[in-house]
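Peer 1: The sequence isn't on hand, but the structure is:
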């Protein structure tokens, strides 16, 4: 059996406790047995602690107004009132013939074809038959039970976050 080490993104989610409870426990069990992953996690923790110690720079108060006015005018200019090279490249790309809008009917045709394919897969996969054979009373009871369980989970998570 091969060991599946968590990747960097999973380790960061674990470190910040922003992963699911199942993933958190899985990675936690792995950490107990895997020294290389503990070292990687320790390195991430060191970086986060250094980042927390850095001073936070405040943007100038007029920055938001300048950005919004540039967006409203449709052009952004650098300090010498000439368009930047990035803006010129973007405008040239936008005006090239291959970036013209496709006709509306093509989009509608594409959406229709996707809907037909989804309907076909829906019927062929047997989901349609299962839906028609559902017992409405049992389904209602299952939905109520699921909603109640979800309510309890949300309540317990809220208590943990507020404590």
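Peer 2: Sure thing, it's come through. Worth saying up front: this structure is predicted, and the values here are computed from it rather than measured. Numbering: from 1, shown residues only.
Peer 1: Using the record, which stretches count as separate domains in this structure?
Peer 2: Domains of the chain are assigned by automatic domain parsing as 8-53, 102-132, 136-163.
Peer 1: out of those, nearest to residue 63?
Peer 2: domain 8-53 (22.3 Å; CB to CB). (Each C-beta comes from the backbone N, C-alpha and C, glycine too.)
Peer 1: tell me the average confidence for the closest one?
Peer 2: Per-residue pLDDT over domain 8-53 has a mean of 88.
Peer 1: how far is that domain from where the chain is centred?
Peer 2: Using CA atoms, centre = their mean, to the nearest Å, the distance from the centre of domain 8-53 to the centre of the chain it belongs to is 19 Å.
Peer 1: All further residue positions should be reported with the first residue as 540.
Peer 2: In the new count, where the first residue is 540, that last one comes out as domain 547-592.
Peer 1: Can you give me the buried ones in the lengthiest helix in the chain?
Peer 2: Ranked by residue count and defined by DSSP state H, the top helix of the chain is helix 675-701. Under the neighbour-count criterion of 16 or more other CB atoms under 10 Å, helix 675-701 has nothing buried.
Peer 1: Work out the gap between it and the centre of the chain.
Peer 2: Its chain's average C-alpha position is 24 Å from that of helix 675-701, according to CA atoms, centre = their mean.
Peer 1: packing partners for it?
Peer 2: Applying 3 or more CB pairs under 8 Å, 6 or more residues apart in numbering; DSSP states H and E, one finds that helix 675-701 contacts no other helix or strand.
Peer 1: Mind checking the pLDDT average for that helix?
Peer 2: Here helix 675-701 scores 82 as its mean pLDDT.
Peer 1: got a list of what residue 552 touches?
Peer 2: 558, 562 (CB atoms under 8 Å, 6 or more residues apart in numbering).
Peer 1: part of a helix, is it?
Peer 2: Yes - the assignment for residue 552 by DSSP: H, G, I helix; E, B strand; the rest coil puts it in a helix.
Peer 1: How is residue 545 assigned, secondary-structure-wise?
Peer 2: What three-state DSSP gives for residue 545 is coil.
Peer 1: What is the burial count for the closest residue to it other than its chain neighbours?
Peer 2: Ranked by CB to CB, 6 or more residues apart in numbering and with sequence neighbours excluded, the top spatial neighbour of residue 545 is residue 566, at 5.1 Å. A count of nearby residues for residue 566, using other CB atoms under 10 Å, gives 20.
Peer 1: Other residues contacting the one helix or strand residue 566 maps to?
Peer 2: Element membership for residue 566 (DSSP states H and E) is helix 560-572. Residues from elsewhere that reach helix 560-572, judged by CB under 8 Å, 6+ apart: 542-545, 549-550, 552-553, 556, 558, 576-577, 580.
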